[in-house]
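With the sequence up front, the predicted model follows.
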Amino acid sequence: MAKITPLRDAVASLVQDGDTVALEGFTHLIPHAAGHEIIRQGRRDLTLVRMTPDLIYDQMIGMGCARKLIFSWGGNPGVGSLHRFRDAVEQGWPHRLETEEHSHAGMANAYVAGASNLPFALLRGYTGSDLPKVNPNIRFVECPFTGEKLAAIPSVRPDVTVIHAQKADRRGNVLLWGILGVQKEAVLAAKRSIVTVEEIVDDLEAPPNACVLPAWALSAVCHVPGGAYPSYAQGYSERDNRFYKAWDPIARSRETFQAWMQRHVLDTDDFAGFRRVLAESMKEVA
């Protein structure tokens, strides 16, 4: 049952070293605030899972949080590479990063299988792909009814799933809308879950067929306005395209990256503090 609690406390009690952790969000509602708190608390040896790892995973990998990454695409959307991700894979800095690459369809089906309490997912994908050559967890089975060859991959069952959403009510039920990825499935597949939200209200006023995560399926709900920045939260904030562009030169150099993370994340108390320091540094550049 969801407990409304500060993000610092939620991460401290629910995210442990060695956990498999999924921070999901597709284009928007990306849980940057929670990722920063995991970095501040110095979590290590995490297996990070996400369909589309972008800037927050670049930061977590560069700060040494991750041992392994399970994913289906990685990059700085509209800009280019994730330089800290590349450095970890190519040069082993800050340490070696194990990777397990899938297709988008594979990852989505793996989350669905996890949410369904199944050991693996089946799909028609991967035939003719080179991914099975580099990923031993992509295997093929024969359908017992038709004889068709199908791909099988392990289900994704995170120890902790973290998402950002627009609203929660005071009982801990969560409403999210807009472009959704696999947030619902990732939460239902996880042992524990953290949801940061823009606001906490008396009544969600959820429209018919809305995506509502019930309080009984969640572990913690945290009020973190703007917690998806620099991605956007439909109805609350816009995507900051400038930040995505600015991240490229910051992340290219290990030294520049470390200095930026020290000032903006490690030396700040929370995400509100990060936003204040970021605003100050942007004025300095301007």
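Looks like it came in fine.

can we go C-alpha only for contacts and neighbour counts from here?
Will do.

need the helices for the protein, in chain order.
Along the chain, the stretches classed as helices by DSSP state H are 7-14, 32-40, 55-62, 83-91, 104-115, 131-134, 183-189, 241-252, 254-261, 271-285.

which parts of the worst-scoring helix or strand of the chain on mean pLDDT are buried?
Of the helices and strands making up the chain, the lowest-confidence element is helix 271-285, at a mean of 89, by mean pLDDT, DSSP states H and E. With burial defined by 16 or more other Cα atoms under 10 Å, the residues of helix 271-285 counted as buried are 271, 274-275, 277-278.

JSON lines for the residues you listed, including distance to Asp159?
Putting the buried residues of helix 271-285 into JSON lines (distance: Cα to Cα, whole Å) gives the following:
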{"residue": "Phe271", "distance to Asp159": "23"}
{"residue": "Phe274", "distance to Asp159": "27"}
{"residue": "Arg275", "distance to Asp159": "29"}
{"residue": "Val277", "distance to Asp159": "32"}
{"residue": "Leu278", "distance to Asp159": "31"}
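
circling back: using CSV, list the CA coordinates for the least confident helix or strand of the chain.
Output in CSV follows, covering the C-alpha atoms of helix 271-285 (Å, rounded to 0.1, in the frame of the first residue of the first chain):
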residue,chain,number,x,y,z
PHE,A,271,15.6,18.3,-6.8
ALA,A,272,14.4,21.8,-5.9
GLY,A,273,17.9,22.7,-5.0
PHE,A,274,19.2,21.2,-8.2
ARG,A,275,16.8,23.4,-10.2
ARG,A,276,17.9,26.5,-8.3
VAL,A,277,21.6,25.8,-8.9
LEU,A,278,20.9,25.0,-12.5
ALA,A,279,19.2,28.3,-13.0
GLU,A,280,22.2,30.1,-11.5
SER,A,281,24.7,28.3,-13.8
MET,A,282,22.6,29.0,-16.9
LYS,A,283,22.7,32.7,-16.0
GLU,A,284,26.4,32.5,-15.7
VAL,A,285,26.7,31.0,-19.2
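
can you list contacts of that helix?
Residues outside helix 271-285 that contact it (Cα atoms under 8 Å, 6 or more residues apart in numbering): 33, 36-37, 224, 227, 263-265, 268.

Return the members of these classed as buried.
If you count burial by 16+ other Cα under 10 Å, the buried members of those come out as 33, 36-37, 224, 227, 264-265, 268.

quick check, nearest of these to Val162?
Closest to Val162 out of those is Ala33 (10.2 Å), distances taken as Cα to Cα.

pLDDT score assigned to the nearest residue to that closest one once chain neighbours are set aside?
Of all residues not flanking Ala33 in the chain, Gly227 sits nearest, at 4.8 Å (Cα to Cα, 6 or more residues apart in numbering). Taken from the predicted model, the pLDDT recorded for Gly227 is 98.
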